[in-house]
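[1] just the structure for this:
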Amino acid sequence: MKLAAKYSHLNGLEWLMYHHPTYWDEIKDAIASVDAATCKTKISREKTMMGKQLYSPGDLNSAYKQELGSRGWLNARSNSFYVTDDANLNKQIVSLEIEE
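    All right, here's what the predicted structure looks like:
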């Protein structure tokens, strides 16, 4: 697969290229390694494209996950965060250990 366009959410790409340029190289290599033709498994049910074979988003995501996983990337998500207007409480939260 080829990288046709880039979108840099909150200048994330620029930050990544400045602070961790080798990560960006790994990401580009992983994208290039994915064989998009094998991910064209979805059959359209839309009226204007009935029966047309399309790229399956799930298959593409799995292929990217496999390529990045083979390079040692982990799926690390942090779904917990806290927001408050109280500056003192913010300081206390930031100083907590992960387990707490």
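[2] pLDDT score for A36?
    On pLDDT, A36 comes in at 91.
[3] then S95?
    Per the predicted model, pLDDT is 82 at S95.
[4] how close does it get to K65?
    34 Å (CB to CB, to the nearest Å). For glycine as for every other residue, the C-beta is placed from the backbone atoms N, C-alpha and C.
[5] what segments of the chain are helices?
    Along the chain, counting by DSSP state H, helices occupy 12-19, 21-33, 57-70, 87-94.
[6] make JSON lines from those helices and add distance to M50 to it.
    Shown next, in JSON lines, are the helices of the chain (distance: least, CB to CB, whole Å):
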{"stretch": "helix 12-19", "distance to M50": "38"}
{"stretch": "helix 21-33", "distance to M50": "31"}
{"stretch": "helix 57-70", "distance to M50": "19"}
{"stretch": "helix 87-94", "distance to M50": "53"}
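[7] for the ones you listed, which one sits closest to M1?
    Nearest of the helices of the chain to M1, taken as CB to CB: helix 21-33 at 5.6 Å.
[8] the closest one vs helix 12-19, what angle?
    120 degrees (axes from the mean of the first three to the mean of the last three CA atoms, to 10 degrees).
[9] returning to what we had before: between S95 and K65, which one's more packed in?
    K65 (13 against 8; other CB atoms under 10 Å).
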